[in-house]
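Visitor: dropping a prediction and its sequence here:
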Amino acid sequence: MLDKEQTQTALMELFETLLSRYGALNWWPADTPFEVCVGAILTQNTNWGNVEKVIVNLKREGLLSVQALREIDEERLAELIRPSGFFNVKSARLKEFVVWILQRHGSLEAMFGGDWRLLREELCAVRGIGPETCDSILLYAGEKPSFVVDAYTRRLFSRLGLVRETDDYHRVRALFMDHLPAEVPLFNEYHALIVEQCKRHCRKKPSCEGCPLSHFCTLPAAGAP
DNA sequence: ATCCAGTAAT
DNA sequence: ATTACCGGAT
């Protein structure tokens, strides 16, 4: 078992290794904080490519604002977001989210104005916003230092031996929150690099050829002698 | 444990 | 034809 200082060092070394391989990714790919929020909900258990089609639709219809989504008919919204999958639940979730923003905070800017730790509790209680979506909104839309954990993070770091696959969201997040400086640019890039690493190499069916983390990994290495 | 659902890679 | 996908609610 690693002590606290060793864990801090290991996390930063992994970060530097990924950064030097993939470069700065400059997430989240969106024009506005609200577009980040919408994308975070739409991408739930869905390929990002599907979400991009939907963002195009919503932009074309002028729907990427809190007010516009508040006005639009739920069934019509469902049709526009169809390519992202789960379109009925996601349409309802988007509607509930904007209604909540308006009633509780009045605007997205006001929502991000207060203490982000309190906001995190509030947001997670909104229907359709679980812990990952919540942290994505806080980090990438609100620029708050809240680390985002997803299925990729759990898979990669369990293969690295730093968490177990069965650890819950809070436990995996605590690894990063407790061992990294609370810096938005660091959290931003780290999560983006984890996603990139898992798309390229650390897939469910591992593709270890040329993996930059092979000598940190607990899996039987693909190119091992 | 099951449901929600479309899209692209394999 | 099967797998995988930047999850969350019931």
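Guide: Perfect, I can see it now. Residues are numbered from 1 along each chain as shown, chains lettered A, B, ... in the order given.
Visitor: and the pLDDT for the nearest residue to residue A:212 once chain neighbours are set aside?
Guide: Once flanking residues are discounted, residue A:212 sits nearest to residue A:21: 4.3 Å by C-beta to C-beta, 6 or more residues apart in numbering. Placement of C-beta: from N, CA and C, glycine included. For residue A:21, the pLDDT comes out at 96.
Visitor: what is the neighbour count of residue A:21?
Guide: Neighbourhood size, residue A:21 [other C-beta atoms under 10 Å]: 16.
Visitor: okay, now residue A:129: neighbour count?
Guide: 23.
Visitor: then residue A:18?
Guide: The burial count for residue A:18: 21, using other C-beta under 10 Å.
Visitor: what helix or strand is the residue nearest to residue A:212 located in?
Guide: helix A:4-22 (DSSP states H and E).
Visitor: the residue nearest to the spatial centre of chain A: what's it in contact with?
Guide: By C-alpha atoms, centre = their mean, chain A has its centre lying nearest to residue A:136, at 4.3 Å. Shown in contact with residue A:136 (C-beta atoms under 8 Å, 6 or more residues apart in numbering): A:28, A:36, A:40, A:148.
Visitor: for residue A:58, which non-adjacent residue is spatially closest?
Guide: residue A:64 (5.3 Å).
Visitor: need the phi and psi values for the residue of chain A found nearest DNA strand B.
Guide: Closest to DNA strand B within chain A is residue A:85: 2.5 Å, counting by C-beta to the nearest atom of the strand. Backbone geometry at residue A:85, expressed as degrees, to the nearest 10, gives phi 80, psi 160.
Visitor: hang on, it packs against residue A:48?
Guide: No: in this structure, residue A:85 is not within contact of residue A:48 by C-beta atoms under 8 Å, at 11.8 Å.
Visitor: what about these two, which has more around it?
Guide: Per other C-beta under 10 Å, whichever of residue A:85 and residue A:48 has more neighbours is residue A:85, with 17 against 13.
Visitor: show me the contacts for the more buried one.
Guide: Here residue A:85 is in contact with A:45-46, A:50 (C-beta under 8 Å, 6+ apart).
Visitor: can we see that at 7 Å?
Guide: Residue A:85 makes contacts with A:46, A:50, as judged by C-beta atoms under 7 Å, 6 or more residues apart in numbering.
Visitor: how near is residue A:189 to DNA strand C?
Guide: Noted for residue A:189: a distance of 13 Å to DNA strand C, by C-beta to the nearest atom of the strand, to the nearest Å.
Visitor: now that residue. Nearest residue, chain neighbours left out?
Guide: residue A:24 (6.1 Å).
Visitor: residue A:15 too?
Guide: Using C-beta to C-beta, 6+ apart, the nearest residue to residue A:15 is residue A:190, at 5.5 Å.
Visitor: make sure the one you found is actually in contact with residue A:17.
Guide: No: here residue A:190 does not reach residue A:17: they are 11.6 Å apart, not a contact under C-beta atoms under 7 Å.
Visitor: neighbour count winner among those two?
Guide: Legend: neighbour count by other C-beta under 10 Å for residue A:190 and residue A:17, higher for residue A:190 (22 against 16).
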